[in-house]
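> Structure for the following, please:
(chains A, B, C and D)
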There are 4 protein chains.
Amino acid sequence: MNAAIRGVAKTLMLRAQTEIIGIEDGFLGFIERRSRTLTYQDCSGILSLGGTMIGTHNRANPFDYMGEDRSRAVKEYYDELALDALVIIGGDGTLSIGYELTKLGMNIVGVPKTIDNDLMCTERTFGFDTAVSIVTDAIDRLRTTGQSHQRIMIVETMGRNAGWIALHAGIAGGADSILLPEHPYDINLVADACNQRMGTHHFSIVVVAEGAKPINGEVCTRETIKDSPEPTRLGGIGDQLKQQLEQLTDAEIRSTTLGHIQRGGSPTSFDRIFATNLGSYAAGLVINKQFNLAVIQRGNQLSEVPLDSVAHKTRNIPNDDPTLQTALSMGICFGTETLLRSGAKLNEPE
Amino acid sequence: MNAAIRGVAKTLMLRAQTEIIGIEDGFLGFIERRSRTLTYQDCSGILSLGGTMIGTHNRANPFDYMGEDRSRAVKEYYDELALDALVIIGGDGTLSIGYELTKLGMNIVGVPKTIDNDLMCTERTFGFDTAVSIVTDAIDRLRTTGQSHQRIMIVETMGRNAGWIALHAGIAGGADSILLPEHPYDINLVADACNQRMGTHHFSIVVVAEGAKPINGEVCTRETIKDSPEPTRLGGIGDQLKQQLEQLTDAEIRSTTLGHIQRGGSPTSFDRIFATNLGSYAAGLVINKQFNLAVIQRGNQLSEVPLDSVAHKTRNIPNDDPTLQTALSMGICFGTETLLRSGAKLNEPE
Amino acid sequence: MNAAIRGVAKTLMLRAQTEIIGIEDGFLGFIERRSRTLTYQDCSGILSLGGTMIGTHNRANPFDYMGEDRSRAVKEYYDELALDALVIIGGDGTLSIGYELTKLGMNIVGVPKTIDNDLMCTERTFGFDTAVSIVTDAIDRLRTTGQSHQRIMIVETMGRNAGWIALHAGIAGGADSILLPEHPYDINLVADACNQRMGTHHFSIVVVAEGAKPINGEVCTRETIKDSPEPTRLGGIGDQLKQQLEQLTDAEIRSTTLGHIQRGGSPTSFDRIFATNLGSYAAGLVINKQFNLAVIQRGNQLSEVPLDSVAHKTRNIPNDDPTLQTALSMGICFGTETLLRSGAKLNEPE
Amino acid sequence: MNAAIRGVAKTLMLRAQTEIIGIEDGFLGFIERRSRTLTYQDCSGILSLGGTMIGTHNRANPFDYMGEDRSRAVKEYYDELALDALVIIGGDGTLSIGYELTKLGMNIVGVPKTIDNDLMCTERTFGFDTAVSIVTDAIDRLRTTGQSHQRIMIVETMGRNAGWIALHAGIAGGADSILLPEHPYDINLVADACNQRMGTHHFSIVVVAEGAKPINGEVCTRETIKDSPEPTRLGGIGDQLKQQLEQLTDAEIRSTTLGHIQRGGSPTSFDRIFATNLGSYAAGLVINKQFNLAVIQRGNQLSEVPLDSVAHKTRNIPNDDPTLQTALSMGICFGTETLLRSGAKLNEPE
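Here you go, the predicted structure:
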C-alpha cells in the first residue's frame, strides 16, 4: 500500500510540482474532513512497512454510511480541497465506490489492490504475491509436521469467490489436492487422492479456498453460520473437510485456518515493485488529465481501462490459466471430473 | 531435531570411532525392528531442514502399544543390536518412557526437545526459540491488520499446561494482554485493558495460550469438546475469548488460532546451535559411560540430571522469571490481580 | 531448479507413462556416463530446497571439455540411453550448447533459468525473483544502518551485461541512485544526487550492477583485474564508486558487494510456481514431439521459440520497460542524461 | 535498540510516573542540545523496526569531539534538563564514555548492546542473536551454491577482536572450518581440512572472523590497509585466505565478505525479548536510585555490575565456552593445535 502511495506521490512531486494531499482513513476521511499534505519526507523509508501511511483500510461506503447517503459530503470536501483528481487504491469495493463518485463529477483514477487477485481486466493485483508467499511459507511448515507425524494436513486459505491464493500457494507448496470456489468438489475423489498419497508417501497436503463447495448438498460457510439462527458446531470449510475425510480415510487429519495472518506484514519485493509501477503510472494519468480509469496489467505491460469495467465484478480463474493447466498436467486433485469435461485442456501447446 | 542428531553422531564418530545406528520412527522402530547405520554423509547438510532425518516423531509408547506392553520387545532389539547406549530426543513423554526403560537395564541419555519449553530442570528446550519466532512473526502481521482496521486481534498459541510461548512471543510481538495457563484470568480486567488501549491506540493485541482459563466457571477447551457427548459451537480459548470480549467492548474482534504452523519449518540459528551443543554433550556422556541422565541447561551452562527428575513433570513459568517480571513492570495485562498478590514482585533489584 | 525438474517429471510420468532419466551434473554426466531413473518419490518434497536434486550446476561444455570436443560422446550416451528427448534447464550458456547439440540429431527442449533475467525472447527467467528478493532484503538492512549512521551506502549486485537485478531491487529497496550496464554513468550526476539526498535525508542508497561503467575512461572490473599482469588495489565497481564519491561528497561511505549470497537458498513462491509451469510446459512439448525449442513467457502466457533465437544473445533492459520508466518518473538517478535523450520517455500514457 | 528504549520508557512511565526525555543522536544530542519528551505513543509499534527511534548511532565522543573536550557541555545540558538519571545503550565505547561521565556527577545506568557479544561481565549482548541469524542465513545460501558448483566457500564475518559471531554462525551454518581472532591459525591445517572435505563432500565452508590471523607472519587487515601508505591489493582476511588456499588446494574458491548487512534489519524475537528485559531492568535500577551500573545477564538471570567493570575491556571466547567445546568435539577445524594444548578440553563432563 505504502509503495503505491509513494509511487503516486513521488511521481507527481517530481513531474507536476503539485501539492499532494492524503485523505486519512479512506472515504471516512472525506466524511469526517480529515486530510493532510504529504511531503517528500513522508514518502521515504516506508517501502518495507506493511499497512498504510495514511490511516486505516476503512471500509466506510459514503453511499451507505450508517444508513445514510453521504456521497454529497465527499464531493463537497473534494471541491473544498480543490483537488484536481483523486487516486484511490483498493479492491472491487473501493473501485466500485470510486466509479459511483465519478457520476458526481469527481476525477478519479483507480489502482487495483487486493490480496485475492480477483479484479476484472488486470492480470494481477498487488498484495497477491505477498499473500501467496505467506501461505506457501505456512504450507512448508505444515509439510514438515505432516511428514513427521504421517498425517493429512488441510490448509484453509482466503478466497471466498475466487481460488487464486489456494491455486498458487498450492502449487508453490507442493499440495496434492487443491479445492477452489470455481469447481465444486466431489469429496470421494479427494478422499481417493488422499488415500493413494498416504499409501505411497504417508502424508498428504490439501489446500482449500475459503469459498470452496462440495458438489452435492449445502455447505455451512462461516457466513451461513453467522446468519443462521441455530449455530452449528462446524467452523469453516477446512474443519468440514476434516470431518468428511475422517470418515473416508484412516488417516489422522489436522486442519489449519490461516485467517488474518495472510494479510499484513512486510510486502515481497515483487509487490513493492509492482505497486510502485502502478502508482507511478496512475500519476501519469493524472498529469495527462485522463480520468475515471483504472490502471491494469495486461500482457505484462501497464495500461488502463474505464473504471466501470472493473466495478462490481469478480475475476475467477479461467480454464486456460497457465498455473491451473500445470496443476492439471501434474495430476493435482481438484476433486472434480467436470473440470476436464468443462473444456479445460491439459497444458498442451497446440 | 536434525541438529541434535548430527551433534550426537559427529561427536561419537570423531571421538569414539564407534558405529552409530539410527532407530527409525522413534520407539516404533524398536517394536518393528527397523534401524540403519548412520554415516558421516547422512549427517551433513541437514541443519537447515525441519523434521527428522530418521523418520517420524512417532509417539508409540512401548508400555502401552495398541493396548499391549511391548517394552520387552524394545529391550530385545536393543540387545540384539548390541547397543552400548541409547540417546533419546524428545519432550516429557519421550523422556518418561526412557526413564521406565532404564529399569529394564537399558543405558539411556535424554536430550530435552519440546517447543513448549516446559521440561523440568532445564532453563530451555530446543525448538522453543523457533516456535516463539514463528508466533512473533504472526503477531507482527496481525498488528498491521489490527492497526489498519482498528480491531482487537486475539492470537491463540500452543501451551496447554505452561504459557512459555505466549509470554515470550507476547513480549516480542508487543502484545497488550497475555493470558497464561499459570494464572486464571478475570475477563473484566482483560476487557478494561482492551477498552483503554482502543481509546488511545485504536487497536489491541491479546495473546492467549491454549490452556489459559478464566477465573470463574468452567471453560470448554478443545479437549472437553472432544470428550463431551454434546458438541458445543465454541472452538478453542481464542474463539471463546472473542465471544466474551464482544460483550464487554465495542470493538470489532478477530481471533486467530496458529495451530500446527507453530511446529515444523527451518529452525532458528539459536535452536540449531543449542541442539548441536546438547547433542554433542549427550555424546560425551555416552563416551564417559554416564547413563540414565538427561542433558540440561542451567545458569547458561550444560549439565546433566537423573532422568527421573524430568520424567512425568511440567515446568510452569515461575513468578521470578525475568520475562514475566518485565511484562508486569511494563503494565501488560494478565487478567489477574492474584499474580501480584501471589508473590510476584515487580522487576526490581533488591 | 528442483521445481522445474519436478514439473517436467511429474507431468511426463502422469501423461506419458514414460521413464524419466536424470543426467547427473549437467553435460558432465553425459561425458562421464552417469545417470539414474527418477521416481515419483524423488520428485516429492523438494520444492523448498535450493540447488538441484541431480547434482551440480556443472558448466562442462562438451564442445570444449578440457580442450577437446566431446560432443560425440554426448550423442552416443544419448543414443545408448535411447532417450526420446532431452530437457535442459539453464541460462544462455546451457541453451547455446543445447542448440549446437540439436545439430547432432538430439531432440532438445530448453527451459530458461538464470538469476540475471537476461535471456532473449522471454519476459522473465526463473531464479530472478529470488535474487531480487535477497538483494532487496540486504538493502533493507543497509538502510537501517545508513539512516542510523548518516552514510552513503553502496550496494553492488550481480549483472555483468544487463542491469535487471539492480533495477528491480533498487526500486523495491527504495534506492536513490541505480547504475546499470546499459547506461554508462556520469559520476558527477551521481555525486550531485547523493549530496542533495544527504542534505534532506542524511543518508543515501546507491545500487550498482557489477557491469556498470562510467562514461569517461576505463574502469577496472574484476574481470580486468583477473587478467591484468599488474594487480590493482580496487575491487569491483562498488569499491571504485566509493573511492570516486569520497572525492565528490563529504559523506562517510560504505560499499557492500553481495556476491554469491545472491544465488542459492530457498526459492520464492513466485519462482517455484513459475519454474513448475515452465517445466510442465516443456514436458507438453516433449509429449507433442515438438523439439529444439525453448519455453518462454510472453504477454504473461507460456509459449515457445526456436532454441537458436535465445542462444548466444543477451537481453538488456529496454527503454520502455515499465520499471525503468517508473524509476525515471520518480527521479531516481541513473547518472546519465543520455538516457532521456536516447529516447526513453517518462512513464506516460500516450 | 527500539525494544530496549521501549522497555526503559514503558516501565518508568508505569511505575514512576516520571517524564521520559529522549536525547537525539546519542551524545551528540547533548552537545547540540537536542532532546524531546517521549510519549507512551512514541514507544508503541516500534518493536519490529530496526535502527533507533531517537536518531542515529552517533559515535560522537564528548571527551574528544572534533579535538575538544566537550564533556562539561554534556553535564550542563544534563543539569539543565534536570535529569534524575541517564540510561545509555551501547557497546564498549558508549559504556566507557558513560563511566567517565559518572565522574562528573551524572547518574548513569548502562545497557549492553553490541552485535559482537564481546562485552565483559555479561553472557550475552543484544543484537548478537540477530547478527548470528543473518550470517547463518547467508551461509545456508552459500552452501547451496558451494554444493552445486563444488567449491570452497569462504565467509568473512564481523569480529575484529572476538570471534563470537563466526563461532556461533559457523556452528549454526554447518561450517567445516572456523577461524577466530582468539586462536591464530595454521593455514596448512586449514588446507588439509578443506582437501579432506572436498574428497568426501566436494565442497567445504570456511567461516572466518574479520580479526583472525595466521600463526606466522603479519597479515594485512583492512585496518592496516587504511593506515598504510602503500595500498596493497588484498582486501580483508577472507580474500587473503582465498589466495592462500588457492595455492594449497585444487579447488575453486569463492570468498564473500558480509560487511554491513550483518547490522540492521528487523531484530529476532530473541533479541526483542532480551532487549526489553534489559531495558525494563535498567528502569528498575533508576527507580531504586542505583546508579553507575551496567545491566548484565549472568547464569540466565539479569543482574548489575559497576560500570567500570565493563568499560575499556573486551570479552574473548573462553576455552570452556559450550559452543567452542562442541566445535572441538565435532572435529571442526580451527587451524590450530595450540587450542587443545592451551588447555581447551573436549566437551566432556568430568
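> can you give me the helices in the stretch 201-350 of chain A?
A:222-227, A:237-248, A:269-287, A:322-329, A:338-341 (DSSP state H, counting those that start in this stretch).
> Quick check: chain neighbours aside, which residue is closest to the residue of the stretch 1-150 of chain A found nearest chain B?
Going by Cβ to the nearest Cβ, chain B is nearest to residue A:144 of the stretch 1-150 of chain A, at 3.2 Å. All C-beta atoms are positioned from the backbone trio N, CA, C, and that covers glycine. Nearest non-adjacent residue to residue A:144, counting by Cβ to Cβ, 6 or more residues apart in numbering or on different chains: residue B:264, 3.2 Å away.
> I'd assumed residue A:137 was in contact with the one you found.
No: counting by Cβ atoms under 8 Å, residue A:137 is not a contact partner of residue B:264; they are 10.9 Å apart.
> follow-up on the earlier one: out of the helices of the stretch 201-350 of chain A, which is closest to chain D?
Using Cβ to the nearest Cβ, these put helix A:269-287 closest to chain D, at 14.5 Å.
> Check whether the closest one comes near chain C.
Yes: using Cβ under 8 Å from any Cβ of the partner chain, helix A:269-287 reaches chain C at A:269-270, A:272-273, A:276-277, A:280-281, A:283-285, A:287.
> and chain B, which of these reach it?
Okay, of the residues of helix A:269-287 next to chain C, nothing touches chain B (Cβ under 8 Å from any Cβ).
> before we move on, the earlier item: what number of residues lie near the residue of the stretch 1-150 of chain A closest to chain B?
When neighbours are defined as other Cβ atoms under 10 Å in any protein chain shown, residue A:144 has 24 of them.
> That one should be in a helix, yeah?
Yes: judged by DSSP: H, G, I helix; E, B strand; the rest coil, residue A:144 forms part of a helix.
> you'd agree it is up against residue B:260?
No: Residue A:144 is beyond contact range of residue B:260, at 9.5 Å (criterion: Cβ under 8 Å).
> between those two, what contacts are shared?
Counting by Cβ atoms under 8 Å, 6 or more residues apart in numbering or on different chains, residue A:144 and residue B:260 have no contacts in common.
> Same drill for residue B:264 and residue A:137, tell me which one is more crowded.
residue B:264 (25 against 21).
> gap between that one and residue B:49?
According to Cβ to Cβ, to the nearest Å, residue B:264 and residue B:49 sit 10 Å apart.
> what does residue A:4 give?
To residue B:49, residue A:4 is 37 Å away according to Cβ to Cβ.
> And the two? Which one has more around it.
The neighbour count for residue A:4 versus residue B:49, taken as other Cβ under 10 Å, is higher for residue A:4 (27 against 17).
> isn't there a strand covering that one?
No: applying three-state DSSP, one finds residue A:4 to be helix, outside a strand.
> Contact partners for it?
A:89, A:111, A:113, A:126, A:275-276, A:278-279, A:282.
> Ok, residue A:75 next?
Per Cβ under 8 Å, 6+ apart, neighbours of residue A:75: A:101, A:104-106.
> wait, is it part of a strand?
No: under three-state DSSP, residue A:75 falls outside any strand and is assigned helix.
> Quick one: low-confidence residue ranges for chain A.
A:49-58, A:216-234, A:338-350 (pLDDT under 70).
> how near is the spatially most central residue of it to chain C?
Centroid check for chain A by Cα atoms, centre = their mean gives residue A:116 as the closest residue, at 1.4 Å. According to Cβ to the nearest Cβ, to the nearest Å, residue A:116 and chain C sit 16 Å apart.
> Which helix or strand contains that residue?
Per DSSP states H and E: residue A:116 is located in neither a helix nor a strand.
> ok, it - contacts?
Taking Cβ under 8 Å, 6+ apart, one finds A:91, A:125, A:128, A:131, A:158-162, A:164-165 in contact with residue A:116.
> List the contacts of residue A:30.
Per Cβ under 8 Å, 6+ apart, neighbours of residue A:30: A:23, A:62, A:73-74, A:77-78.
> and which of those residues is nearest to residue A:241?
Of all the contacts of residue A:30, residue A:241 sits closest to residue A:62, with 39.4 Å by Cβ to Cβ.
> Isn't that closest one up against residue A:74?
Yes: between residue A:62 and residue A:74 there is a contact at 4.7 Å, judged by Cβ under 8 Å.
> wait, doesn't residue A:114 sit right on residue A:128?
Yes: Residue A:114 is within contact range of residue A:128, at 7.4 Å (criterion: Cβ under 8 Å).
> Are any of the contacts of residue A:75 buried, and if so which?
A:101, A:106 (16 or more other Cβ atoms under 10 Å in any protein chain shown).
> Tell me which two of the contacts of residue A:75 sit farthest apart.
Longest span within the contacts of residue A:75, Cβ to Cβ: A:101 and A:105, 8.6 Å.
> For the stretch 101-250 of chain A, which segments count as strands?
Counting by DSSP state E, counting those that start in this stretch, the stretch 101-250 of chain A has strands at residues A:108-112, A:151-157, A:177-179, A:204-209.
> Let me have the ones you listed in JSON lines, adding distance to residue B:315 as columns.
As requested, those are exported to JSON lines (distance: least, Cβ to Cβ, whole Å):
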{"stretch": "strand A:108-112", "distance to residue B:315": "52"}
{"stretch": "strand A:151-157", "distance to residue B:315": "28"}
{"stretch": "strand A:177-179", "distance to residue B:315": "40"}
{"stretch": "strand A:204-209", "distance to residue B:315": "34"}
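> Columns mean neighbour count and distance to residue C:309 on top of those strands, output as JSON lines?
As requested, those are arranged in JSON lines below (neighbours: other Cβ atoms under 10 Å in any protein chain shown; distance: least, Cβ to Cβ, whole Å):
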{"stretch": "strand A:108-112", "mean neighbour count": "26", "distance to residue C:309": "34"}
{"stretch": "strand A:151-157", "mean neighbour count": "27", "distance to residue C:309": "39"}
{"stretch": "strand A:177-179", "mean neighbour count": "29", "distance to residue C:309": "35"}
{"stretch": "strand A:204-209", "mean neighbour count": "28", "distance to residue C:309": "37"}
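> Please report the distance of the one residue in the stretch 151-300 of chain A that gets nearest to chain D from residue A:164.
Nearest residue of the stretch 151-300 of chain A to chain D, counting by Cβ to the nearest Cβ: residue A:266, 8.0 Å away. From residue A:266 across to residue A:164, the span is 21 Å (Cβ to Cβ).
> do the same with residue A:85
In terms of Cβ to Cβ, residue A:85 sits 30 Å off from residue A:164.
> Neighbour count: the two, which is higher?
More crowded of residue A:85 and residue A:164, by other Cβ under 10 Å: residue A:164, with 31 against 20.
> what's near enough to touch that one?
A:116-118, A:128, A:317.
> among those, which two are most distant?
A:128 and A:317 (12.5 Å).
> wait, doesn't the residue of the stretch 151-300 of chain A closest to chain D sit right on residue A:48?
Yes: here residue A:266 lies in contact with residue A:48, judged by Cβ under 8 Å, at a distance of 5.2 Å.
> okay, those two: which has more neighbours?
Taking other Cβ under 10 Å, residue A:266 and residue A:48 do not tie; residue A:48 has more neighbours (25 against 20).
> right, and the more buried one touches residue C:142 too?
No: Residue A:48 is beyond contact range of residue C:142, at 11.8 Å (criterion: Cβ under 8 Å).
> can you tell me the residue of the stretch 1-150 of chain A closest to chain C?
Closest point on the stretch 1-150 of chain A to chain C, by Cβ to the nearest Cβ, is residue A:136, at 3.9 Å.
> What count of nearby residues applies to that residue?
Residue A:136 has 27 nearby residues by other Cβ under 10 Å.
> check contacts around it.
Per Cβ under 8 Å, 6+ apart, neighbours of residue A:136: A:169, A:172-173, C:269, C:272.
> try 10 Å this time
Counting by Cβ atoms under 10 Å, 6 or more residues apart in numbering or on different chains, residue A:136 touches A:165, A:168-175, A:207, C:47-48, C:268-270, C:272-273.
> circling back: list residues touching both of residue B:264 and residue A:137?
residue B:134.
> I appreciate the help and will end here.
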